[in-house]
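Chemist: this one's sequence-less:
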């Protein structure tokens with residue numbers, strides 16, 4: 001994408017960081033968030049329709065990227081109203097605004113909207129969300145599909161990216177434990193999925209929009225894996241396999257901390273991207289190696 005005006009709402013997180021770095025050199029960006037953790041961010045609460053609409057209209061963009069979300073499953077279970085305000089109502093707000101300006105809308109969905117009863121899910125499998133996080137995200141996805149004039153919905157998997165500053169997900173938690181000197185890691189062996197590298201994700205979204213191939217897409221790294229396999233790969237890459245004990249546990253081991261319902265399998269495949277011959281996201285091992293190298297691990 002070149003020479004475009006792009007409004008990115010909720011740009012302060014892992015994925016926002018990737019889009020900013022990928023797009024800033026050749027495009028005019030306006031990036032907003034409630035967490036002003038960068039000097040290129042302006043404050044915006046996406047739950048407030050009037051503020052959201054006024055800010056986007058003033059910038060008059062060619063695209064609206066709606067990235068903002070409440071991603072803590074436990075927080076969504078505890079604060080249901082905020083979950084639906086942030087993950088559903090704000091998406092309705094974005095849809096209204098994009099339609100009014102007659103511009104394409106990008107919405108980020110999640111592999112977590114499936115119930116995990118199947119091992120692998122393609123773009124056409126029917127979601128069945130288990131908890132309030134998944135339900136609120138799926139409701140946003142449904143609204144965009146039904147009401148947006150032009151849209152791209154991309155379902156991400158286990159997100160990795162953003163570096164130590166912005167990464168709040170599994171990779172960061174493992175690296176934190178390693179940095180703290182832990183000699184034993186307890187990792188669940190009953191959670192299957194597919195990582196999504198934020199920087200590859202951003203590039204693939206650009207390609208979809210450049211080709212104007214609007215619609216719904218799974219967008220994850222190549223390769224099916226598990227939490228335990230990802231951890232094993234990290235230890236091998238960091239030459240720590242012989243120094244740190246990897247102990248497999250089931251999810252009940254962490255049930256006091258991670259009590260929100262989670263599917264057994266969140267494994268996605270990019271069926272539509274491959275059929276259209278526009279799948280450019282790499283294998284998760286390649287992406288993870290690059291990510292670890294970028295953080296000098």
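Modeler: Cool, the structure landed. Note that the structure is predicted; figures quoted are calculated from it, not measured.

Chemist: hey, let's count contacts and neighbours off CA atoms from now on
Modeler: Fine.

Chemist: And the least confident helix or strand in the chain by mean pLDDT, what's buried?
Modeler: The weakest-scoring helix or strand in the chain, judged by mean pLDDT, DSSP states H and E, is helix 163-166 (a mean of 88). Along helix 163-166, these residues count as buried under the neighbour rule (16 or more other CA atoms under 10 Å): 163, 166.

Chemist: Can you name every helix or strand that it contacts?
Modeler: Here helix 163-166 touches no other helix or strand, going by 3 or more CA pairs under 8 Å, 6 or more residues apart in numbering; DSSP states H and E.

Chemist: Around residue 21, how many other residues sit close by?
Modeler: 11 (other CA atoms under 10 Å).

Chemist: Would you mind measuring from it to residue 41?
Modeler: Residue 21 is 13 Å from residue 41, where distance means CA to CA, to the nearest Å.

Chemist: How far does the helix or strand following the least confident helix or strand of the chain sit from its chain's centre?
Modeler: As assigned by DSSP states H and E, the chain's next helix or strand after helix 163-166 is helix 170-179. Put simply, helix 170-179 sits 19 Å off its chain's centre (CA atoms, centre = their mean, to the nearest Å).

Chemist: With stretch 134-150 instead?
Modeler: The answer for stretch 134-150 is 16 Å, by CA atoms, centre = their mean.

Chemist: And the next helix or strand past the helix or strand containing residue 216?
Modeler: If you go by DSSP H and E, residue 216 is part of strand 215-218. The first helix or strand that comes after strand 215-218 along the chain, using DSSP H and E, is strand 225-226.

Chemist: For that following strand, name the packing helices and strands.
Modeler: Under the contact criterion of 3+ CA pairs under 8 Å, 6+ apart, strand 225-226 touches strand 192-193.

Chemist: residue contacts, residue 112?
Modeler: 129, 134, 157, 262-263, 266 (CA atoms under 8 Å, 6 or more residues apart in numbering).

Chemist: Quickly name whichever of the residues you listed is closest to residue 78.
Modeler: residue 134 (13.8 Å; CA to CA).

Chemist: Provide a list of residue ranges in this structure with pLDDT below threshold.
Modeler: Scanning the chain with the threshold set as pLDDT under 70 gives 297.

Chemist: Please, where are all the strands along it?
Modeler: In the chain, the strands defined using DSSP state E lie at 5-9, 28-33, 41-43, 63-66, 105-110, 151-156, 158-160, 184-188, 192-193, 195-197, 215-218, 225-226, 245-249, 265-266.

Chemist: Could you check the angle the fifth one makes with strand 151-156?
Modeler: Spelled out, it's strand 105-110. Counting by axes from the mean of the first three to the mean of the last three CA atoms, to 10 degrees, strand 105-110 lies at 20 degrees to strand 151-156.

Chemist: The nearest residue in space to residue 244 that is not next to it in sequence - how many residues pack around it?
Modeler: Leaving aside its chain neighbours, residue 244 sits nearest to residue 183 (4.6 Å; criterion: CA to CA, 6 or more residues apart in numbering). Neighbours of residue 183 under the rule other CA under 10 Å: 12.

Chemist: My guess is residue 183 contacts residue 243. True?
Modeler: Yes - counting by CA atoms under 8 Å, residue 243 is a contact partner of residue 183 at 6.9 Å.

Chemist: Now do the longest helix seen in the chain: which elements does it pack against?
Modeler: Longest helix of the chain, by residue count under DSSP state H: helix 132-147. With contacts taken as 3+ CA pairs under 8 Å, 6+ apart, helix 132-147 sits against helix 73-78, helix 80-84, helix 90-101, strand 105-110, strand 151-156.

Chemist: Columns distance to residue 59 and mean neighbour count on top of the ones you listed, output as JSON lines?
Modeler: As requested, the helices and strands packed on helix 132-147 are exported to JSON lines (distance: least, CA to CA, whole Å; neighbours: other CA atoms under 10 Å):
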{"stretch": "helix 73-78", "distance to residue 59": "31", "mean neighbour count": "17"}
{"stretch": "helix 80-84", "distance to residue 59": "27", "mean neighbour count": "19"}
{"stretch": "helix 90-101", "distance to residue 59": "11", "mean neighbour count": "22"}
{"stretch": "strand 105-110", "distance to residue 59": "15", "mean neighbour count": "24"}
{"stretch": "strand 151-156", "distance to residue 59": "19", "mean neighbour count": "23"}
